[in-house]
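1. would you be able to build a 3D model of this:
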Amino acid sequence: MNEQERHCHCNKDGGNSERGRRPEESRSCRSAAEERNAAHSCCSSHSHGKSGPACCGGGDSAILSTRATLVLSALSLAAGFALLKIYPNFNPFLDPSWIAVILCGLPIMKEAWNSLTAGERLSSPALISVAMMGTVMLQITMLLGAEGHMGHEETSYIFAAGEIAFLMACGEALEARTVRKSQAGIERLAALAPSAALKKVGGDYVETPVGEIRAGDVLLVKPHTMIPADGMIVSGMTSVDCSNFTGESMPVEKSTGDEVLGATFNLSGAIEMRAAGIGETSALGKLAKLVEEAAGKRAPITRLAAKWASYLVPAAIVSAAAIFLIARFAFAVPAIDAFVRAVTALVVFCPCAFVLATPTAISAAIGNLSKRGVLVKSGAAIEEMSKVNAVFFDKTGTLTRADIKVSEEEAFECGEVEMLSLALTAEQFSEHPIARAINTYARQKGAVSEKPIRTKSLAGSGVECETPSGKIEVLRAEKFYEQISASKKMSEFIKTAYGKTIAAVAFNGKIRGLIALSDEIKKDAAYCVAELKNADIGVSILTGDNAASAKLVADAIGVSDVLHSAMPADKLAQISAARESGKTVCMVGDGVNDAPALAAANCSMAFGKLGNDIAVESADITLLGENISAVSEVLAFSRRVIGAAKANMIVSLAVSFAAILASAFGLLGPVAGALIHNVSSVAVVGNSARLLASKRDFKSARRRNISS
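-> As a prediction, this is how the structure comes out:
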């Protein structure tokens, strides 16, 4: 069953039928429907119930029903128009346009009645219902020979009511189609994962449903197939297309020891991998969860639009009444003409375009970013990003590749292997990039780890380890300043390794060795900093690394404001101080020690893979790719998104007020008003839809690397 078919089943029986579907399909249907409904909260005031066209309707069956309704309504209106031209004085109650009134108008009235009986505020369908009933009343007053009916004999207001309802249905169908396209980039996530994998059982590989794969299972992934789960390569080399997650078109080379993500594509070589993340715990599962959460969290600007829209509906009714009274008594126009102007005002004042202005822009932006490996937790994050004027970067793993390697080491008062064995014992269970580099190097040198009694991670400093033989510490060299200063050999090592990260290995409080590590600055880091500065955004570095290492990176990428040797509390204090000074702060980090700062900033980005749960949970936005320039691109894009949302709101209001003035002076009739109303709504949604495929703020990795 494909994605569209699942949504089709979800819409049957009011979306509650679970018959004939596996539990996971039912959950997928529900979550997809919830995403659409939450992301487009405007639908509560702009939908017409499941019996008729709905602006937020979902699957194929709803589309077919809407098409049939529109076709029949269009034919009935065409017949009514032709009949009016041939027989101007035919009985209006025999007008074929009644079909359009019933098919397109009754669902609108039903929705209006439901919202009123539920105790909600007056909604857009209520305005349209009043307008349609008003046109029918105009027809009745004409038949009764009311004052001022002269000049309206060849006008069928039944036709006008049908055309108003038809135009509304057409507008909503177009809006629904655009909204579905905006959501397509998000909903495709559920269809990415493969359904089966080749699991190693004994010496054979058995095809096994992905749902039965468990962490630790060894899987074979053949060339030109989808990787079924997150995990680590245990044998083989290949190239992997990660564009599903990162948006980058260039393949990534992978070999033994490298991590791979499920739902990425294995291009060249066969590999064996050990599964780690399955289902909801995989990168794909977490990605889908984040996107679902983002769809349900509205930006403040969206809530503001919805609030003002709730005031516009009663304002429209008051304005229509005022227009009737002014036209009738101030302008001395006939009652029917005054009533026509009032009805037209109701049609054009309907705030559908205003309500659609922001949710559609935010939803399209989330869809665009998700395709580029940028996961946004909420629409509020996009709005906050648009206001940022200060960005703070962590260094290791953020501005640098986190592909840290041991460049040199020296043992003191013990052998090299003995010193490295101490380091391996302490660091063997840590996933920090520095720990992984030390562990890899130590094992290559033949080091053997001891079983620890207790291991304690010291955020921003290193690790302590209790063993049967004594206490091992692997900490920043600065922690042993006195010992290093008192030793000529250690001091010489520090000078030689200037600019590198240096870890001290101590046993029972006495240094046994120094290990120097280095990592590569990301190629696009300088480009990102330059782009932020061009946008008048301040850039700073907050790092727990030493002064020399921090300065080396800062000078290379053009940053002058650097806080080095910073503990998590120091980073938190720096972020808090910047906010108190009136800045809107974005923190970009990747590790556990960045979590407090990520949470304290106005908005934040976790740079790294979804396996880094603490950073991801603390951040508003997760970047899955390796390019740091995604930070400047997201900030630029968020400004354009909020600009588009504000432009939508201004245009929708301007069109409404201009149309109201035109209707007050009799320059606009109900049918023309309905047309203008729908044109403005579709224009707003169309403007937002452009954001879904926009590439203006996103540059290819090749161009970024060349420019840097």
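2. in this protein, which strand is the longest?
-> strand 510-518 (DSSP state E).
3. show the average pLDDT along that one.
-> Strand 510-518 shows a mean pLDDT of 92.
4. the lengthiest helix in the chain: which residues count as buried?
-> Determined from DSSP state H, the single longest helix within the chain is helix 630-664. For helix 630-664, a neighbour-count test (16 or more other CB atoms under 10 Å) marks 630-642, 644-646, 648-649, 651-653, 655-656, 659-660, 662-664 as buried. C-beta: built from backbone N, CA, C; applies to glycine.
5. same deal with stretch 440-450?
-> Applying 16+ other CB under 10 Å to stretch 440-450 flags 441-442, 447, 449-450 as buried.
6. next, the distance between the ends of it.
-> 16 Å (CA to CA, to the nearest Å).
7. going along the chain, name the strands of the stretch 351-500 of the chain.
-> Taking DSSP state E, counting those that start in this stretch to define them, one finds strands in the stretch 351-500 of the chain at 374-376, 390-393, 405-411, 454-458, 462-467, 470-476.
8. among the ones you listed, which comes closest to residue 496?
-> strand 405-411 (7.5 Å; CB to CB).
9. where does the stretch 601-708 of the chain have low pLDDT?
-> Across the stretch 601-708 of the chain, the ranges flagged by pLDDT under 70 are 608-617, 699-708.
10. which parts of stretch 506-513 are buried?
-> 506-507, 511-513.
11. let me know whether residue 685 touches residue 360 as I believe.
-> Yes. Assessed by CB atoms under 8 Å, residue 685 is found in contact with residue 360 at 5.2 Å.
12. so what pLDDT did residue 359 get?
-> Confidence score, pLDDT, at residue 359: 74.
13. tell me the spacing between it and residue 93.
-> Note on residue 359: its distance to residue 93, by CB to CB, to the nearest Å, is 41 Å.
14. could you do residue 507 as well?
-> For residue 507 relative to residue 93 (CB to CB), the value is 100 Å.
15. with residue 199 instead?
-> 71 Å.
16. out of these two, which sits in the busier spot?
-> residue 199 (21 against 10; other CB atoms under 10 Å).
17. that one - that's part of a strand, no?
-> Yes. Residue 199: assigned to a strand according to DSSP: H, G, I helix; E, B strand; the rest coil.
18. pretty sure it contacts residue 210?
-> No. Using CB under 8 Å, residue 199 is not in contact with residue 210, being 9.8 Å away.
19. phi, psi of residue 540?
-> Phi and psi for residue 540, reported as degrees, to the nearest 10, are phi -140, psi 160.
20. ignoring the adjacent residues along the chain, who's closest to it?
-> residue 561 (4.1 Å; CB to CB, 6 or more residues apart in numbering).
21. burial of the one you found, as a residue count?
-> What residue 561 shows, counting by other CB under 10 Å, is a neighbour count of 13.
22. ok, it - contacts?
-> 538-541 (CB atoms under 8 Å, 6 or more residues apart in numbering).
23. let's see 10 Å
-> 390, 392, 538-542, 554, 574 (CB atoms under 10 Å, 6 or more residues apart in numbering).
24. now, the most widely separated pair of these?
-> 390 and 554 (15.9 Å).
25. just the pLDDT for residue 148.
-> 46.
26. what's the answer for residue 592, then?
-> The model's pLDDT for residue 592 equals 63.
27. can you pull the pLDDT of the residue nearest the centre of the chain?
-> Nearest to the geometric centre of the chain sits residue 366, at 3.1 Å (CA atoms, centre = their mean). Residue 366 carries a pLDDT value of 80.
28. how far away is it from residue 376?
-> Taken as CB to CB, the span from residue 366 to residue 376 is 5 Å.
29. again, but for residue 672
-> 40 Å.
30. hang on, the earlier thing: name the nearest of the buried residues of stretch 506-513 relative to residue 625.
-> Using CB to CB, the buried residues of stretch 506-513 come closest to residue 625 at residue 513, 36.1 Å.
31. doesn't residue 406 make contact with that closest one?
-> No. Checked against CB atoms under 10 Å, the pair residue 513 and residue 406 is beyond contact range at 11.2 Å.
32. what do these two both touch?
-> In contact with both residue 513 and residue 406: 420, 423, 503, using CB under 10 Å, 6+ apart.
33. just the ones of these in helices?
-> 420, 423.
34. adding neighbour count, write the shared contacts of residue 513 and residue 406 out as TSV.
-> Shown next, in TSV, are these (neighbours: other CB atoms under 10 Å):
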residue	neighbour count
420	29
423	29
503	25
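35. between the shared contacts of residue 513 and residue 406, which is nearest residue 115?
-> residue 503 (64.6 Å).
36. neighbours around the residue nearest to residue 195 when sequence neighbours are not counted, how many?
-> Spatial nearest neighbour of residue 195, excluding adjacent residues (CB to CB, 6+ apart): residue 210 at 6.0 Å. Using other CB under 10 Å, residue 210 has 19 neighbouring residues.
37. what pLDDT does residue 210 get?
-> 84.
38. which parts of the protein belong to which domain?
-> 12-189+293-363+644-689, 196-281, 374-400+521-624, 405-518 (automatic domain parsing).
39. most tightly packed of these?
-> domain 374-400+521-624 (a mean of 22; mean count of other CB atoms under 10 Å).
40. quick one: the helices in the stretch 251-400 of the chain?
-> 283-296, 300-325, 335-349, 352-371, 379-385 (DSSP state H, counting those that start in this stretch).
41. any idea which of those helices scores lowest on pLDDT?
-> helix 283-296 (a mean of 56).
42. chain center to the helix or strand where residue 685 lies: distance?
-> Residue 685 is part of helix 670-689, with elements assigned from DSSP states H and E. Centroid separation between helix 670-689 and its chain, computed with CA atoms, centre = their mean, to the nearest Å, is 26 Å.
43. I'd like to know which elements it is packed against.
-> Applying 3 or more CB pairs under 10 Å, 6 or more residues apart in numbering; DSSP states H and E, one finds that helix 670-689 contacts helix 124-143, helix 157-187, helix 335-349, helix 352-371, helix 630-664.
44. of all those helices, which one is nearest residue 436?
-> It's helix 630-664; of the helices and strands packed on helix 670-689, that one is closest to residue 436 (CB to CB) at 23.6 Å.
45. how much does the closest one deviate in direction from helix 670-689?
-> 170 degrees (axes from the mean of the first three to the mean of the last three CA atoms, to 10 degrees).
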